[in-house]
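Trainee: structure, please.
(2 chains)
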Amino acid sequence: MIIHPRHTQIIAISMLVILTVFTLAILVFIILFVFSKGLPYISFDFLFSNPEDMGKAGGIFPTLIGTIVLPLLAIIIATPLGVGTAVYLTEYTRENRITRIIRFGADCLAGIPSIIFGLFGFIFFVTTLEMGWSIISGSLTLAFMILPTIIRTSEEAIKAVPYSYREVGFSLGATLWQTVRKIVLPNALPGIVTGIMLSIGRSIGETAAVIFTAGSSLRIPNSVFDSIRTMSVHFYILAREGISSKNAYATAAVLIISILLINLVTYWIMNRFIAKKTK
Amino acid sequence: MDKNKYIINNLNVFWNKAQVLRSIDIQVPSHKILGIIGPSGSGKTVFLRSLNRMNDLVPEIRVEGQILLDGEDIYHPECDAVSIRKRVGMVFALPVPLPASIYDNVIFNPGLSGIRDHKKLDLLVEKSLKSAFLWDEVKDRLKTSAMRLSGGQQQRLCLARVLAMEPEVILLDEPCSGLDPISTAAIEDALRILKDTYTIILVTNNTKQAARVADNTAFFLMNEMVEYGPTEQIFTVPGDKRTNDYITGRFG
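Mentor: Below you'll find the predicted structure:
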């Protein structure tokens, strides 16, 4: 049976529209579901007061701090390492066996379940290096976990900068490093930031690796050597141990809102950055 | 004025095992325009890129022979390629403005050496853009992106960017191949004035352009330099039949 091309066209468009609507509907449903259960309990007090009775009552202030501090430190540690590695691999070496091994290793690491990183962090940072359950153990573990993502996305972003830009740099008397710093990195920045955003999202949402390494203390930390609880861990414990499902959903709602906010702010900054260079 | 800027002795260039330039001997006089003509693939661009060591960036390319810039062997192991490229500016076939403002494009090289003096930079930008015949068109929008200029304006911006580096030699690799006749004329006018200050080497696919602006012309064919002499001589009484065939349009 032959279907007329005009009809296949209509069928294709309708199928694609249905698939897209379906995908969006699932996303919207999840967000609305969590919001409907959580938003009513969010208040200024909930955000900025200490939890009481293991989180059954009171707020989530310490976990708010944990959710900001842990991923932030992880990004601060992983970004220079990851971007530096990506620059070295793309600009300073020729494609050879070692670069291929590094790249293969990064790809493998990116696919390893986070709990393995948690276990490694627990054995290495928490016990062997005697850092204990602490912010620093947790951030280092998260940093290792997101490192492959940052390396690979930065590498792709750097490779996407046209070769002719580099030629211009060299022909105008720039050294390799000056060309990298003044031409390659600024033009790769949007891509690099995308990788960092993905990593922030992943570390904010991370639960297993964090419980193993940063612990789950509900106290406000005094230093990076204190244990801390993030919102994801808080949500997990509240829900898993049946402490309070309304506080669990409220925490989840705060988590979703913060991720939305981070993404919006980044898009806004990146758009301004790109507009400045092309307008 | 008879001083030679470049003296090139027995230059051989290889791309992997293939030889892409065969024993080139040429002397390039200072403050003149040397036009290099020849069909595509004859080795003109490789020759040009040997003169400022841009070929270093291509690992497959090997350069043999001697290129003296003011008597200094630029392929000597102790010679720094970066300092050569500061003395020998280059304009590419396709204009490549960096995604930044017109102003920032022009001060790219001075910015590298850390010049932050705004008065000095403003003057340099104005001088360079004037020399490239672009100032009047862009003086009111120096802070807008260079990407929004037209192709011809972009190419003159690239020239201004090279001039701001204050080089001694300017290499141009088919700078007008993508430009309309008016933009081409603007660039040619600029070159005629610039040769008082710089030595200019112009690779062109357009033989008429060489006839219009070059003092001397070299004809490249099949990886060799067939003929080299004063432009009038090349275009009126060429010594080689192949040169005659090429400039009269019988091939290429």
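Trainee: run through the residues of the stretch 1-150 of chain A sitting next to chain B.
Mentor: A:R94 (Cβ under 8 Å from any Cβ of the partner chain). From N, CA and C alone the C-beta is placed, and that goes for glycine too.
Trainee: which part of the stretch 1-150 of chain A gets nearest to chain B, residue-wise?
Mentor: A:R94 (6.7 Å; Cβ to the nearest Cβ).
Trainee: for the residue nearest to that residue when sequence neighbours are not counted, helix, strand, or coil?
Mentor: Spatially, and ignoring its direct neighbours in sequence, A:R94 is nearest to B:P59 (6.7 Å; Cβ to Cβ, 6 or more residues apart in numbering or on different chains). Classification of B:P59 by DSSP: H, G, I helix; E, B strand; the rest coil places it in coil.
Trainee: which intervals of the chain have sub-threshold pLDDT?
Mentor: Since you didn't name a chain, this refers to chain A. Residue ranges of chain A with pLDDT under 70: A:279.
Trainee: to clarify, I was referring to chain B.
Mentor: Scanning chain B with the threshold set as pLDDT under 70 gives B:1-2, B:251-252.
Trainee: how about the closest residue to chain A within it: what's its closest non-neighbour residue?
Mentor: The nearest approach of chain B to chain A comes at B:K86, 3.6 Å away (Cβ to the nearest Cβ). Using Cβ to Cβ, 6+ apart and skipping the chain neighbours, the partner closest in space to B:K86 is A:G173 (3.6 Å).
Trainee: what pairs with the host helix or strand of B:V63, parallel or antiparallel?
Mentor: Per DSSP states H and E: B:V63 is located in strand B:61-69. When sheet partners are counted by DSSP bridges, strand B:61-69 sits next to strand B:4-15 (antiparallel), strand B:72-73 (antiparallel).
Trainee: run through who's touching the shortest one.
Mentor: Strand B:72-73 is contacted from outside by B:66-67, B:79, using Cβ atoms under 8 Å, 6 or more residues apart in numbering or on different chains.
Trainee: centre of the chain to the helix or strand that comes right after it, how far?
Mentor: Using DSSP H and E, the helix or strand that follows strand B:72-73 in sequence is helix B:81-87. In terms of Cα atoms, centre = their mean, to the nearest Å, the centre of helix B:81-87 is set 14 Å apart from its chain centre.
Trainee: tell me which residues in helix B:81-87 are buried?
Mentor: B:81, B:84-87 (16 or more other Cβ atoms under 10 Å in any protein chain shown).
Trainee: run me through the strand neighbours of the helix or strand that it is followed by, direction for each.
Mentor: For helix B:81-87, the succeeding helix or strand toward the C-terminus, using DSSP H and E, is strand B:88-91. Strand B:88-91 has its sheet partners listed here by DSSP bridges as strand B:169-173 (parallel).
Trainee: can you give the contact residues for the partner strand?
Mentor: B:5-6, B:45, B:48-49, B:51-52, B:69, B:87-93, B:159, B:162-163, B:191, B:194, B:198-203.
Trainee: tell me which residues touch the residue nearest to A:T278 when sequence neighbours are not counted, please.
Mentor: Excluding the flanking residues, the one nearest A:T278 by Cβ to Cβ, 6+ apart is B:S145, at 4.8 Å. Listed by Cβ under 8 Å, 6+ apart, the contact set of B:S145 reads A:277-279, B:99-102.
Trainee: which ones among those residues map onto helices?
Mentor: Mapping these onto helices (DSSP state H) picks out A:277-278, B:102.
Trainee: can you tell me which of those has the most neighbours?
Mentor: B:I102 (26 neighbours; other Cβ atoms under 10 Å in any protein chain shown).
Trainee: tell me the SS of the closest residue to chain B within the stretch 101-250 of chain A?
Mentor: Among the residues of the stretch 101-250 of chain A, A:G173 lies closest to chain B, at 3.6 Å counting by Cβ to the nearest Cβ. When classified by three-state DSSP, A:G173 comes out as coil.
Trainee: fine by me, thanks again.
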